[in-house]
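In: Can you look at this prediction? I've put the sequence above it.
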2 protein chains.
Amino acid sequence: MIREFFLGFIKIHILHYASKKAVCGVWLIKELKRHGYAVGPSTVYPTLHRLEKVGYLKSKKVVVGGKRKIFYEITARGLKALGKSKGKIEELVNEVLKNKGASQHE
Amino acid sequence: MIREFFLGFIKIHILHYASKKAVCGVWLIKELKRHGYAVGPSTVYPTLHRLEKVGYLKSKKVVVGGKRKIFYEITARGLKALGKSKGKIEELVNEVLKNKGASQHE
DNA sequence: TATCATAATATCAATTCCTGATATCAATTT
DNA sequence: AAATTGATATCAGGAATTGATATTATGATA
């Protein structure tokens, strides 16, 4: 169940990375693992496909080191979604971590 | 798709609220709406049931103002999950908002 | 005490997502 | 041209999501 809490985090991370540079599946798997998220190929690739399908990412195929990879970069649409997400993260932090969310717990 | 990003946020919020005081379904719907999350009964109630089922929340039935309500409070197990979530939120903030996550974007 | 109105909660059903296991693919090596 | 290897793709069973709808319990009313 707690994994469900973080599925969105993972997607936001992916969008964030893809806003910094072009990323591919295997790199994401390693990077996300470094950040404490256990993510396998069968989670990452379908997610990348979906993120591209909705227009948040765009891909290009490249051969590097003798292996074909598919690199993903963020789109304008994806940047917009990422921006919206950042706003929500701030809201979450203010409410849950700092407890500054004008809470009227009446 | 972007809604998927926030489904975890919503669950964390619920756990957070339930750690402050006993909460019921309708109150959560209003409160989450106040925080920008569109959440209806068919989202909140099954979620509450599941959170109770996994032992993060415990419920008690109360009659208030002539209406029966079910109030939920966090459990020790839920507190643990919430704590873990807070750690992840900080990590997310550092990486995505502050960009302090020792990122080796090689 | 039967019925009604109301608010809170519960369920349905179609769609979609998640993911361990497995398969496929393409570039290089032998 | 077969094998190797690393990267990506798919499958299939289970589970989650949610608009729509139904159910429930309480107090009021007659």
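Out: Good, I have the coordinates. Numbers count the residues shown, from 1 in each chain, chains lettered A, B, ... in the order given.
In: Looking at chain A, which residue is nearest DNA strand D?
Out: Nearest to DNA strand D, among the residues of chain A, is residue A:25, at 3.0 Å (CB to the nearest atom of the strand). C-beta: built from backbone N, CA, C; applies to glycine.
In: Surely that residue touches residue A:47?
Out: No: at 9.3 Å, residue A:25 does not count as touching residue A:47 under the criterion of CB atoms under 8 Å.
In: In terms of pLDDT, where does the residue of chain A closest to DNA strand D sit?
Out: With respect to pLDDT, residue A:25 has a value of 97.
In: That one: neighbouring residues, count only.
Out: By other CB atoms under 10 Å in any protein chain shown, 17 other residues sit near residue A:25.
In: do the same with residue A:88
Out: With other CB under 10 Å as criterion, residue A:88 counts 19.
In: For chain A, which residues are neighbours of DNA strand D?
Out: Counting by CB under 7 Å from any atom of the strand, the residues of chain A lying close to DNA strand D are A:1, A:4, A:24-26, A:41-42, A:45-46, A:48-49, A:65, A:67-70.
In: Most neighbours among those, which one?
Out: Taking other CB under 10 Å as the neighbour criterion, residue A:48 ranks highest of the residues of chain A next to DNA strand D with 21 neighbours.
In: tell me the contacts of it?
Out: Residue A:48 makes contact with A:14, A:25, A:28, A:57, A:59, A:70, A:72, according to CB atoms under 8 Å, 6 or more residues apart in numbering or on different chains.
In: Reformat those residues into CSV and put distance to residue A:90 and secondary structure next to each item.
Out: Shown next, in CSV, are the contacts of residue A:48 (distance: CB to CB, whole Å; DSSP: H, G, I helix; E, B strand; the rest coil):
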residue, distance to residue A:90, secondary structure
A:14, 19, helix
A:25, 29, helix
A:28, 24, helix
A:57, 23, strand
A:59, 30, strand
A:70, 32, strand
A:72, 25, strand
